[in-house]
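*Asks:* Take a look and give me a structure for this.
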Amino acid sequence: MAQQIFQYHFAIPAGTPQATPASSSINVPPLTIERVELEVPHGPAGTMGFQIFDAGTPWKPDFPGDWLVWDGKTDGWWLTNQPTGGKWEIVGYNTGKYPHTVFVRFFLVPLPKPQPAATPTFAFVTHPAGSPNVVVL
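*Replies:* Numbers count the residues shown, from 1 in each chain. Here you go, the predicted structure:
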């Protein structure tokens, strides 16, 4: 269960062309990412698109080169076996007259504490004189 929410907002300036989008790095704390949620408030009306990258790899949308073009939408994804924290990036264009914002929320869980290595247990058995010595583990 998430114990922290790390929220980041990215304001994409008005007049940012798709051919040269704006970008911003998101340094997520070194915790397990349980869920990622994206939100675009009402306003862009099709003039803004964005992409999310994880460590330089396209994450959303699912097909590289596509753009999420939202207006008044929130959506999220539950994650399993994802990297902990790390360097995320958001990239976006905005051909409209006003800046528009994308909110990114990371729902974070502390990393499990490493358990100390188990100490092996040895049992020694003594055999009568003349028989081979055997150690049983």
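
*Asks:* show me where this structure has strands.
*Replies:* With DSSP state E, the ranges of strands along the chain come out as 4-12, 22-40, 48-54, 57-60, 73-78, 84-94, 100-109, 123-124, 135-136.

*Asks:* The first one: which residues count as buried?
*Replies:* To tie it back to what came earlier, the one meant is strand 4-12. Buried residues in strand 4-12, defined by neighbour count with 16 or more other CB atoms under 10 Å: Phe6, Tyr8, Phe10, Ile12. C-beta: built from backbone N, CA, C; applies to glycine.

*Asks:* One more: the second one?
*Replies:* Of the residues in strand 22-40, those scored as buried under the neighbour-count criterion (16+ other CB under 10 Å) are 22, 24, 26, 28, 31-36, 38-40.

*Asks:* what's the most distant pair in those?
*Replies:* Ala22 and Thr32 (29.2 Å; CB to CB).

*Asks:* wait, what's in contact with Asn27?
*Replies:* Gly85, Gly86, Lys87, Trp88 (CB atoms under 8 Å, 6 or more residues apart in numbering).

*Asks:* Equivalent analysis for Phe10, please.
*Replies:* Ser24, Phe50, Ile90, Gly92, Thr101, Val102, Val104 are the contacts of Phe10 under CB under 8 Å, 6+ apart.

*Asks:* Run through this protein and note the low-pLDDT ranges.
*Replies:* For the chain, residues meeting the criterion pLDDT under 70 lie at 83, 112-115, 118-137.

*Asks:* repeat that with 90
*Replies:* For the chain, the stretches flagged by pLDDT under 90 are 1-4, 28-33, 55-56, 62-64, 79-86, 108-137.

*Asks:* Nearest residue to the middle of the chain?
*Replies:* Centroid check for the chain by CA atoms, centre = their mean gives Ile33 as the closest residue, at 5.2 Å.

*Asks:* Identify each buried residue in stretch 54-61, please.
*Replies:* Applying a neighbour-count criterion of 16+ other CB under 10 Å, one finds Asp54, Pro58, Trp59, Lys60 buried in stretch 54-61.

*Asks:* With stretch 85-103 instead?
*Replies:* Counting neighbours by 16+ other CB under 10 Å, stretch 85-103 gives 85, 88-94, 96, 99-102 as buried.
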